[in-house]
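Enquirer: Pasting the sequence and the predicted coordinates here, then a few questions.
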Amino acid sequence: MPHVILLGDSIFDNAAYISSRYEAMLDELTSAGLPTAVCTIYEPRFPDEGRRKLAATALGALINDKITRHAFSRGLNLIDLRLLCKEDADFANAIEPSAYGGEKISKAISKFIVGATGSSSVFLDR
């Protein structure tokens, strides 16, 4: 049954729904046994600093945290777009990467594809 996210729904209900669908998608993807990387959502570059911080907090707490947890619990690679796209020049507008930001993203994805190793490790008790 399709789920429609309505503005009146609790933001936490929507986040839980998105998380469960994301988890199911990752389970299906990883069942193929192929190298997999996931990306976080970059933080919007709204001109207003207060709006920028609010959006970053909401994305971090409700979505990026889930992406990171799901990726690391499966031993997947993570391309953290929050760290990659952190300059104003990385954005064409508040929510879309510029050509410069897009190039940084495509380079990171290309590095993953050719087998380059990242610079972080996650240690889990498994």
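Expert: Ah, there it is.
Enquirer: Let me know how buried K86 is, in neighbour terms.
Expert: K86 has 15 neighbours, counted by other CB atoms under 10 Å. To be clear about C-beta, it is placed using only N, CA and C from the backbone, and glycine gets the same treatment.
Enquirer: Equivalent analysis for Y42, please.
Expert: Neighbour count for Y42, taken as other CB under 10 Å: 23.
Enquirer: Repeat that for L29.
Expert: The number of residues packed near L29 is 14, by other CB under 10 Å.
Enquirer: ditto for R21
Expert: 11.
Enquirer: Next one: it from L76, what distance?
Expert: Applying CB to CB, to the nearest Å, the value for R21 to L76 is 17 Å.
Enquirer: Repeat that for S110.
Expert: For S110, the distance to L76 equals 18 Å [CB to CB].
Enquirer: Compare neighbour counts for those two and give me the winner.
Expert: Per other CB under 10 Å, whichever of S110 and L76 has more neighbours is L76, with 17 against 10.
Enquirer: dump the residue contacts of the more buried one.
Expert: By CB atoms under 8 Å, 6 or more residues apart in numbering, the residues touching L76 are L26, T30, T36, A37, V38, H70.
Enquirer: Export those residues as a markdown table, with columns for neighbour count.
Expert: Formatted as a markdown table, the contacts of L76 follow (neighbours: other CB atoms under 10 Å):
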| residue | neighbour count |
| --- | --- |
| L26 | 18 |
| T30 | 13 |
| T36 | 15 |
| A37 | 15 |
| V38 | 19 |
| H70 | 18 |
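Enquirer: Can you say which two of those residues are spatially most distant?
Expert: Farthest-apart pair in the contacts of L76 is A37 and H70; separation 12.6 Å (CB to CB).
Enquirer: any chance you could map the strands in the protein?
Expert: Ranges of strands in the chain, per DSSP state E, are 37-39, 77-79.
Enquirer: Tabulate the ones you listed in CSV, adding columns for mean pLDDT.
Expert: CSV is the format used below for these (pLDDT from 0 to 100):
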stretch, mean pLDDT
strand 37-39, 92
strand 77-79, 92
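Enquirer: nearest to P97, of those?
Expert: Between the strands of the chain, strand 37-39 lies closest to P97; by CB to CB that is 11.5 Å.
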